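**Q** Sharing a model prediction with you, sequence too.
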Amino acid sequence: MLADIVEHLLCPVCGHDVRLDAGALRCGNGHAYDVAKQGYVSLLVGSRPPGTADSAEMVAARADFLSAGHYRPLADALAECVQLRITGAERGEGDAFRGDRFSAPPDAAAEEAYGSGSVGSERGAGSAWRQAGHATEPLIVDAGAGTGYYLATVLGAVDRGIGMAFDVSKHAVRRAARAHPRIGAFVADVWRPLPIRGGVADVVIDVFAPRNGPEFRRVLRPGGAVMVVTPAADHLSPLVEELGLLSVDEEKDRRLARSLEGFVAAGRRTVEFDLELAPGEVAGVVRMGPSAWHTDAVELAERISRYISRDIVKKREKVWARAAFHLSIFETEPGSRDVP
């Protein structure tokens, strides 16, 4: 599948086009990047190490948890949103997100931070899509794709869609490259200039990952959209309280808005559902979140063991928790820039 996204990639050193040749990506200036046997390519360059790249063990734990279907309702909701965006734009509809499940920003302060856009307003997304000469095969970029679980679900809902997955962890990208036959995967750091051509992506999805607003804006077509998934305040209740995990920052909405300055908020959907977790899965869901980076591993394991022991005494075979997420949609402002 890597061959199908090569035309959208750039050399991370010189910014020139690349081609697939003899098991490597090569540019006209002689820079080359080998394609790994798993089907991905590393476009991460420079001596400065990336930020927090997930280890092989962390990626394996996440893959096991997601493959068990615990977050499938979230993946399905994201897939539905992307599918609405793609099909709505193909039909020339100005607002692909109108519906009872989407709401305006949560309060006046957040609305000011997000921008002046409101749900249901006609911003010409469909018109901009047609003017851009929308390709037959929509391109969805997954920033910080991890194992590719969410992108694979999205592609299952979007006919002919092509997925471009990137993550700073090579262990995650190895799995993403095999997550779906229409995914092309590469290693890259979201905080650096992305090795992606400007104006080629129809949708960028960002699930629990860092956000590089200027780069997202650059790679999107006019009328494109960013879909961001973040945890809601009560996510993983009561595990957060019982295990002393990090809670959701009260300033998260403002920080999200600041990271996507220049975009217009199109709406927000809350996705909530219950989780029933076996003892081993409790550790898995904790290791997937920020507490894995900010809590001593031994101490965290002890907290989990004590909590599960109390449930065993109560003859509960599984632990209950609440999953709660915000799915926020941001649009580029039509006509606000020229596509390079």
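**A** Received the coordinates, thanks.
**Q** Start and end of stretch 29-41, how far apart?
**A** Length of stretch 29-41, first residue to last, C-alpha to C-alpha, to the nearest Å: 18 Å.
**Q** Check which residues of it are buried.
**A** For stretch 29-41, burial by neighbour count (16 or more other C-beta atoms under 10 Å) applies to 31, 33, 35-36, 39-41. Bear in mind the C-beta positions are built from the backbone N, C-alpha and C, glycine included.
**Q** Which residues does it contact?
**A** Stretch 29-41 has contacts (C-beta atoms under 8 Å, 6 or more residues apart in numbering) with 1-2, 11, 13-14, 16, 18, 20, 23-26, 42-43, 170, 173-174, 176-178, 185-187.
**Q** tell me the mean pLDDT over that stretch?
**A** Stretch 29-41 shows an average pLDDT of 96 in the prediction.
**Q** State the next helix or strand along the chain beyond the helix or strand harbouring Val173.
**A** In the assignment (DSSP states H and E), Val173 maps to helix 170-176. In the C-terminal direction, the helix or strand that comes right after helix 170-176 (DSSP H and E) is strand 183-187.
**Q** Tell me which other helices or strands that next one touches.
**A** The contact analysis (3 or more C-beta pairs under 8 Å, 6 or more residues apart in numbering; DSSP states H and E) places strand 183-187 against strand 41-42, helix 149-157, strand 162-167, helix 170-176.
**Q** Residue nearest the middle of this structure, spatially speaking?
**A** The centroid of the chain falls nearest to Asp206 when counting by C-alpha atoms, centre = their mean (2.4 Å).
**Q** Now tell me what touches the helix or strand hosting that one from outside.
**A** Per DSSP H and E: Asp206 is located in strand 201-207. Defining contact as C-beta under 8 Å, 6+ apart, one finds that strand 201-207 is touched by 8, 78, 82, 85-86, 89, 129, 134, 138-144, 146, 150-151, 154, 164, 216, 219-221, 224-229.
**Q** in the helix holding Val173, what's buried?
**A** Within helix 170-176, the residues scored as buried using 16+ other C-beta under 10 Å are 170-176.
**Q** That helix: how far from the chain's middle?
**A** Distance, stretch centre to chain centre, for helix 170-176: 14 Å (C-alpha atoms, centre = their mean, to the nearest Å).
**Q** can you check stretch 15-35 too?
**A** Taking C-alpha atoms, centre = their mean, the mean C-alpha location of stretch 15-35 is offset from the chain mean by 27 Å.
**Q** so how far is the first residue of that stretch from its last?
**A** End-to-end span of stretch 15-35 (C-alpha to C-alpha): 19 Å.
**Q** What separation is there between Gly46 and Gly30?
**A** Distance of Gly46 to Gly30, computed by C-beta to C-beta, to the nearest Å: 18 Å.
**Q** Mind checking which of the contacts of stretch 29-41 are buried?
**A** The neighbour count (16+ other C-beta under 10 Å) marks 1-2, 11, 18, 20, 25-26, 42-43, 170, 173-174, 176-178, 185-187 as buried among these.
**Q** so what's Ala321 up against?
**A** With the criterion set at C-beta under 8 Å, 6+ apart, Ala321 makes contact with 236-239, 274-275, 277, 282, 285.
**Q** picking that back up, show me the contacts of strand 201-207 that map onto strands.
**A** Among those, the ones falling in strands (DSSP state E) are 139-143, 164, 220-221, 224-229.
**Q** Kindly indicate which of the residues you listed lies nearest Arg254.
**A** Nearest to Arg254 out of those is Val228 (C-beta to C-beta; 13.6 Å).
**Q** Which residue ranges of this structure form helices?
**A** Listed from the start of the chain, the chain has helices (DSSP state H) covering 56-67, 72-90, 108-114, 125-131, 149-157, 170-176, 213-219, 239-243, 252-259, 279-287, 291-294, 297-313.
**Q** Type out the ChimeraX command that picks the buried ones from the contacts of Ala321.
**A** A single ChimeraX command suffices to select whichever of the contacts of Ala321 are buried according to 16+ other C-beta under 10 Å:
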select :236,237,239,275,277,282,285
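**Q** of all the contacts of Ala321, which comes closest to His70?
**A** Nearest member of these to His70, counting by C-beta to C-beta, is Leu275, at 5.7 Å.
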